[in-house]
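Participant: Starting from these lines, generate the structure:
(chains A, B, C and D)
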There are 2 protein chains.
Amino acid sequence: MDTTVAKGFAVLEVLARAKRPMRLSALTEALGLQKSNVHRLLSTLIELGYVEKDAETARYFASLKAWELGVAIISTNSLRRTVSPHLQKLHQQTQDTVLLAVPVGHEVLFLDRVAPARALRYTPLNGTRAPMALTAAGRVFMSAMRSPAAAVAQGLAEPPAGQPFSPEEILADLPLVKQRGMAVIEGGLMEGTRSISAAIHGPDGAPVAAITISAMAARMSGEHLREASDALLAACGEIGELAPV
Amino acid sequence: MDTTVAKGFAVLEVLARAKRPMRLSALTEALGLQKSNVHRLLSTLIELGYVEKDAETARYFASLKAWELGVAIISTNSLRRTVSPHLQKLHQQTQDTVLLAVPVGHEVLFLDRVAPARALRYTPLNGTRAPMALTAAGRVFMSAMRSPAAAVAQGLAEPPAGQPFSPEEILADLPLVKQRGMAVIEGGLMEGTRSISAAIHGPDGAPVAAITISAMAARMSGEHLREASDALLAACGEIGELAPV
DNA sequence: TGCATTTGTTCCACATAATGGAACAACGAT
DNA sequence: ATCGTTGTTCCATTATGTGGAACAAATGCA
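Facilitator: Below you'll find the predicted structure:
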């Protein structure tokens, strides 16, 4: 294990997540390293172009080079490339927000999104994560797990107050999800919304990703719900067994 | 300079730009390092979560963690955050593709984009670069340069055949751009399109970014061109002197 | 099927390159 | 002006990464 490499990435991670440029001392504290060490790491990251230093305030911040790196990675991501046109189509059919999610540990990671210009606020953005138990896509993944209890626990651990669901409720939902091939969830991440989600299956039958359609509960009901569900299942079926992550 | 850190990022950069997972030997060749060295770097990157190894083919590829890092960076980018709503508004007003670009060396980097669902193919995507001389946004930046000749040379160096512009043409255009406060360019990156662009100025008066509106030439003319220009200049004026990159 | 060649992984003595303390410099606050 | 805080540079120490070599596994060829 090249510890120096790990330290370099640790510096960049802290800077990337910081809301504003950071001073050296704040970084040393966050990282638990010597200031001379952090200083040298910053110098190399600046030389590599991943970090910049505000000339006026002498504070450090992550440059856009790492973003370009990330864009390069996602643009070659086969799953997103193959699914993206289907998201477009679903959005045109339903006019709702359409999301692509993959499982990462006990969370879902949102890979892509097609949303109306006046999108619901707090609909998850690309590159963000959410607990499985609180999202429709997560329920889809959980319904294929042998022991989803851990994911339930982790999901409920996050938001300390105002739990929208009980563990029993969540566990009771999973067989239904499995049976229908589709999850329906209400008010998971945002109150008042209803989302439906279905799996994209890999060659071995395991769900590798899920597509979610999300809208206000009043809208996502009756005839519209039926249409959206049909379109969703059709799309997931079409995509079939193509793309490995 | 922590050379080990540089090597670690070099590995990730190569993998990020690779179209498909790479074998160890290909990486060692691309990097000019010893295979044992590359192997250890890969091991640490895997441990850090930035690289994954395809179990079947034993090939390495960049994971989505670096993408998440990039998303975290861009989401806190003050320029993009402040300008993004204006892009939305311009798109609603014109129904055309609207872009946000910043200067990086002699290239422009596209930070954000609001495009119709049926967007022009080959309109630049987020996180991609283009030569200044071939883009409307680039012309805006060049018009504020003391010696834009180098940018012209670099711009024309890239595409070896089928130069859309001559150096004289480009240089002659810049005073007009400066005078109007707006660049108009035709067929720079994609034949048949016409783009207009104007600068967002920093506190010192230098252009820190540019907004571009792009459409097919037939559409971007007459009354529509006039309206788009007015909306563009109004938006750039409004944004004013707020956001440092 | 057997042999040759390329590719991937592990190991370890060596020397380089990162480390962290200390000393210095530059601010900012009181 | 003085003190405390923060940023930068330097350098002896040694921990850490290096790269050759040896082994293992996979692949190609006859």
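Participant: hmm, who's touching stretch A:229-240?
Facilitator: A:82-83, A:86, A:89-90, A:93-94, A:181-182, A:196-201, A:211, A:213 (Cβ atoms under 8 Å, 6 or more residues apart in numbering or on different chains). Just so you know, the C-beta spots here come from the backbone N, C-alpha and C atoms, and that holds for glycine as well.
Participant: cutoff 6 Å now
Facilitator: Contacts with stretch A:229-240, where a contact means Cβ atoms under 6 Å, 6 or more residues apart in numbering or on different chains, come from A:86, A:90, A:93, A:196, A:198, A:200, A:211, A:213.
Participant: tell me which residues in it are buried?
Facilitator: A:229, A:231, A:232, A:233, A:235, A:236, A:239 (16 or more other Cβ atoms under 10 Å in any protein chain shown).
Participant: Next: stretch A:70-89.
Facilitator: A:70-77, A:79-80, A:83, A:86-87, A:89.
Participant: Give me the subset of the residues you listed lying in strands.
Facilitator: Using DSSP state E, no member of the buried residues of stretch A:70-89 falls in strands.
Participant: rewinding a little: least confident of the buried residues of stretch A:229-240?
Facilitator: Of all these, residue A:239 carries the smallest pLDDT score, 91.
Participant: how close does that residue sit to residue B:39?
Facilitator: 36 Å (Cβ to Cβ, to the nearest Å).
Participant: what do you get for residue A:62?
Facilitator: For residue A:62 relative to residue B:39 (Cβ to Cβ), the value is 28 Å.
Participant: For chain A, just list every one of the strands.
Facilitator: Going by DSSP E, chain A shows strands at A:51-53, A:60-62, A:97-104, A:107-114, A:129-131, A:183-186, A:193-201, A:207-216.
Participant: Stretch A:129-145: how far from the chain's middle?
Facilitator: In this view, stretch A:129-145 has its centroid 11 Å away from the chain centroid, taken as Cα atoms, centre = their mean, to the nearest Å.
Participant: and the end-to-end length of it?
Facilitator: Counting by Cα to Cα, to the nearest Å, you get 19 Å between the two ends of stretch A:129-145.
Participant: Can you report the mean pLDDT over the residues of it?
Facilitator: Mean pLDDT, computed over stretch A:129-145, is 95.
Participant: Quick one: residues in contact with it.
Facilitator: A:101, A:103, A:106-109, A:124, A:148, A:151-152, A:155, A:158, A:170, A:174, A:177-178, A:183, A:185, A:188-189, A:195-197, A:199, A:207, A:210, A:212.
Participant: can I see the domain layout of chain A?
Facilitator: A:3-68, A:77-239 (automatic domain parsing).
Participant: With distance to DNA strand D added, can I get the ones you listed in JSON lines?
Facilitator: Putting the domains of chain A into JSON lines (distance: least, Cβ to the nearest atom of the strand, whole Å) gives the following:
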{"stretch": "domain A:3-68", "distance to DNA strand D": "3"}
{"stretch": "domain A:77-239", "distance to DNA strand D": "19"}
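Participant: and residue A:132, how many neighbours does it have?
Facilitator: 27 (other Cβ atoms under 10 Å in any protein chain shown).
Participant: Find the nearest non-adjacent residue to it, please.
Facilitator: Once flanking residues are discounted, residue A:132 sits nearest to residue A:138: 3.0 Å by Cβ to Cβ, 6 or more residues apart in numbering or on different chains.
Participant: burial measure for that neighbour, as a count.
Facilitator: Residue A:138 has 29 nearby residues by other Cβ under 10 Å.
Participant: and if you look at residue A:191?
Facilitator: 11.
Participant: cool, and residue A:5?
Facilitator: 25.
Participant: just checking, it touches residue B:9?
Facilitator: No: using Cβ atoms under 6 Å as the test, residue A:5 is too far from residue B:9 to be in contact (8.2 Å).
Participant: For residue A:181, which residues are in contact?
Facilitator: Counting by Cβ under 6 Å, 6+ apart, residue A:181 has contacts residue A:198.
Participant: Could you rerun that using 7 Å?
Facilitator: A:198, A:233 (Cβ atoms under 7 Å, 6 or more residues apart in numbering or on different chains).
Participant: And it, how close does it get to residue A:116?
Facilitator: For residue A:181, the distance to residue A:116 equals 26 Å [Cβ to Cβ].
Participant: ok, now residue A:223?
Facilitator: 19 Å.
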